[in-house]
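>>> Sequence and predicted structure, then a few things I'm wondering about:
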Amino acid sequence: MPGKQMQRLEVDGKFFRSGGERVFLKMVTYGPFPEPRPDVLADDREQMRMIAAAGFNAVRIYGVPDRELLDVARDAGLWVFAGLAWEYWCDFISKPALYSKAQLDLTDGLKNWGDHDALAGVFVANEIPADMVRWMGVRKVCHALEDLIASGKSCRPELLFAYANFPTTEFLEPANADFTAMNIYLEQREDFAGYLPRLHNVAGDRPVLLTEFGLDTRSHGESAQSEAMAWAVQESLLAGMAGLTVYAWSDHWLNRGVLMEDWAFGLNDREGNPKPALRELAGVLPEKKTPEAALQMADWPMFSVVVCTHNGGSRMHACLSSLQALDYPSYEVIVVDDGSTDDTAEVVAGFDNVQLIRIE
């Protein structure tokens, strides 16, 4: 039985919204896996069911999806973020055939699977090496990413598009991306929490989605991974991130065709057994449904919103209506009217709990 149709994911200010409600994106990376697929990962439907049961609401894949995977993700209630697979780690500026193929693959792919309701968005590239960015030129690389995003939007405007960046090249931010996407591997809580506010400066008025975060259990142990998952969720919510992506679902991992056996970032080991980190996440993720989930209303400080205007009566009603719709327990609205001769004062008088200061 097919699952019910998924509501599209949309940008809502600094966050995401679906079906009229804000959503905190809880994503886990899925694959790429070696072929033939290990027996413990052979059934995508069962894996999607397990991912959803742990409290995730999305999966990130590093290639184009087939419709069967999108179907089983939808049946589990999971959004899918796809990745455009092309040779972005090479000099695609001096070898335009690489870039042309990426453009063609993107538009052809979106025509084939872009209409699926489980597909939420597409990353047009992932972590272009810093030395290659400087070799090719920052502006040229950024323009190339922007052109890919523009092509994707022209084909499927209902989808979200972004470039999955990393701190070394945080300056590489496509202007037309729907959100800022950043892969972060800061292993100490203080470093992680200290870096997140900077991402709001990078993003401006767009959402910030952490598109990779994980801890290698071979190097750090399963207990440290479990602890890191817990504080990463909490710090992401406290810093106003739009979502967090855990890297990765399984220790089975293929990187550019090479089987990676020296790392173990998975929430499940190679035998398919869940690690403590998965149990930790399953205990906290289901209740973290909105971006406000980590905030205690009683702890929020009082603040003032000051609206300065001169003859802004035609816009004042919409402005004050939006301010009164704020979901916040303790704030005041002050309108400073700098000698208006229109109906500003009358409009303000129609709102309760709004203070008007008139300057003649």
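Alright, I've got the coordinates.
>>> Need phi/psi at the residue lying closest to Glu10 once chain neighbours are set aside.
Distances taken as CB to CB, 6 or more residues apart in numbering put Arg17 closest to Glu10, at 5.1 Å, once the chain neighbours are dropped. Where C-beta positions appear, they are placed from N, C-alpha and C, glycine not excepted. Dihedral angles of Arg17 (phi, psi; degrees, to the nearest 10) stand at phi -140, psi 150.
>>> who's in contact with Arg17?
By CB atoms under 8 Å, 6 or more residues apart in numbering, Arg17 lies in contact with 9-11, 23.
>>> swap in Met50?
Per CB under 8 Å, 6+ apart, neighbours of Met50: none.
>>> how about the helices in the stretch 1-150 of the chain?
Along the stretch 1-150 of the chain, the stretches classed as helices by DSSP state H, counting those that start in this stretch are 44-53, 67-75, 96-113, 130-136, 138-155.
>>> what angle separates the last one from helix 96-113?
Angle of helix 138-155 versus helix 96-113, following axes from the mean of the first three to the mean of the last three CA atoms, to 10 degrees, is 20 degrees.
>>> Going by neighbour count, list what's buried in helix 138-155.
141-142, 144-149, 151-153 (16 or more other CB atoms under 10 Å).
>>> again with the second one
For helix 67-75, the neighbour count (16+ other CB under 10 Å) marks 69-75 as buried.
>>> Please apply the same query to the shortest one.
By neighbour count on 16+ other CB under 10 Å, the buried set for helix 130-136 is 132-133, 136.
>>> Mind checking which of the contacts of Arg17 are in strands?
10-11, 23 (DSSP state E).
>>> could you redo those as TSV and give each row pLDDT?
Shown next, in TSV, are the ones in strands among the contacts of Arg17 (pLDDT from 0 to 100):
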residue	pLDDT
Glu10	96
Val11	97
Val23	95
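>>> I'd like to know which of these are buried.
For these, a neighbour count by 16+ other CB under 10 Å gives the buried set as 10, 23.
>>> Any chance of CSV for the ones in strands among the contacts of Arg17, columns distance to His116?
CSV is the format used below for the ones in strands among the contacts of Arg17 (distance: CB to CB, whole Å):
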residue, distance to His116
Glu10, 16
Val11, 20
Val23, 19
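>>> how close does the closest residue to Phe171 other than its chain neighbours get to Met132?
Nearest residue to Phe171 in three dimensions, chain neighbours excluded: Val138, at 6.6 Å (CB to CB, 6+ apart). Look at Val138 and Met132: by CB to CB, to the nearest Å, they are 11 Å apart.
>>> quick one: contacts for Phe123?
By CB under 8 Å, 6+ apart, the contact set of Phe123 is 60, 81-84, 161-164, 181, 211.
>>> top of these by neighbour count?
Neighbour counts for the contacts of Phe123, by other CB atoms under 10 Å, peak at Ala181, which reaches 32 neighbours.
>>> Looks to me like that residue is in a helix.
No: assessed with DSSP: H, G, I helix; E, B strand; the rest coil, Ala181 is strand; it does not lie in a helix.
>>> ok, it touching Leu160?
No: counting by CB atoms under 8 Å, Ala181 does not reach Leu160; the two are 9.7 Å apart.
>>> In contact with Glu222: list those residues for me.
Counting by CB under 8 Å, 6+ apart, Glu222 touches 275-277.
>>> Do I have it right that Val336 meets Cys308?
Yes: counting by CB under 8 Å, Val336 does reach Cys308; the two are 4.9 Å apart.
>>> I am finished for the moment; much appreciated.
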